[in-house]
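Asker: Predicted model and sequence below, questions to follow.
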Amino acid sequence: MALFDALNISASGLTAQRLRMDVTSANLANAQSTRTPEGGPYRRQDVVLQESSGEGSFAGALTGALRGGEPAGVEVAAIVPDTTPLRRVYEPGSPDADAQGYVEMPNVNPVEEMTDLIDASRSYQANVTAMQTTKQVFSKTIELL
């Protein structure tokens, strides 16, 4: 394992969690958007994360690292639209209403989005703590040398 691999793994986690926070913020910002450039209401987006090395599991990544392979990090596999159905709200005066007076609203639940935002924020903080700990280990090692 190279000297800066721990920092690279934490950095990949920081990048992934920042993107999760950005997507979640976009979901919250568009929670009431009934018109998008593509047409129709906004659809909630979700971030899919995956391990950046091809090991497949923690045990495989650990074995690969012990044998001289590259340690794993995390990366964004895709940003996918949520497939839950859209909400229908009765608003006959809206310009987006159909013939029966219903407007299709985004499938964004603000409580769920705030929970996702807190989760991504805590994961980001954990990666920052791991980076700081790695930095302290490097400093102590240099002091000993």
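Answerer: It's in.

Asker: separation between the spatially closest residue to Arg43 that is not a sequence neighbour and Glu112?
Answerer: Among residues not flanking Arg43 along the chain, Pro81 sits closest, at 4.4 Å (C-beta to C-beta, 6 or more residues apart in numbering). In short, each C-beta sits where N, CA and C put it, glycine included. Distance of Pro81 to Glu112, computed by C-beta to C-beta, to the nearest Å: 15 Å.

Asker: so who does the residue nearest to Arg43 touch?
Answerer: Arg43, Arg44, Gln45, Asp46 (C-beta atoms under 8 Å, 6 or more residues apart in numbering).

Asker: So what pairs up with the last one in the strands?
Answerer: So the one you mean is Asp46. Applying DSSP bridges to Asp46 gives these bridge partners: Val80.

Asker: do you know how far it is from Ala11?
Answerer: Between Asp46 and Ala11 the distance is 23 Å, computed by C-beta to C-beta.

Asker: Show me which helix or strand of this protein is least confident by mean pLDDT.
Answerer: helix 58-66 (a mean of 61; mean pLDDT, DSSP states H and E).

Asker: now the strands for the chain?
Answerer: Using DSSP state E, the strands of the chain run over residues 45-51, 74-81, 87-90, 102-105.

Asker: quick one: low-confidence ranges for this protein?
Answerer: Where the chain drops to pLDDT under 70, the residues are 1-3, 53-71.

Asker: How about the residue most central in space within it: what's its closest non-neighbour residue?
Answerer: Centroid check for the chain by C-alpha atoms, centre = their mean gives Arg20 as the closest residue, at 2.5 Å. Spatial nearest neighbour of Arg20, excluding adjacent residues (C-beta to C-beta, 6+ apart): Ala120 at 4.0 Å.

Asker: my guess is the one you found meets Gln17, correct?
Answerer: Yes. Taking C-beta atoms under 8 Å as the definition, Ala120 is a contact partner of Gln17 at 4.9 Å.
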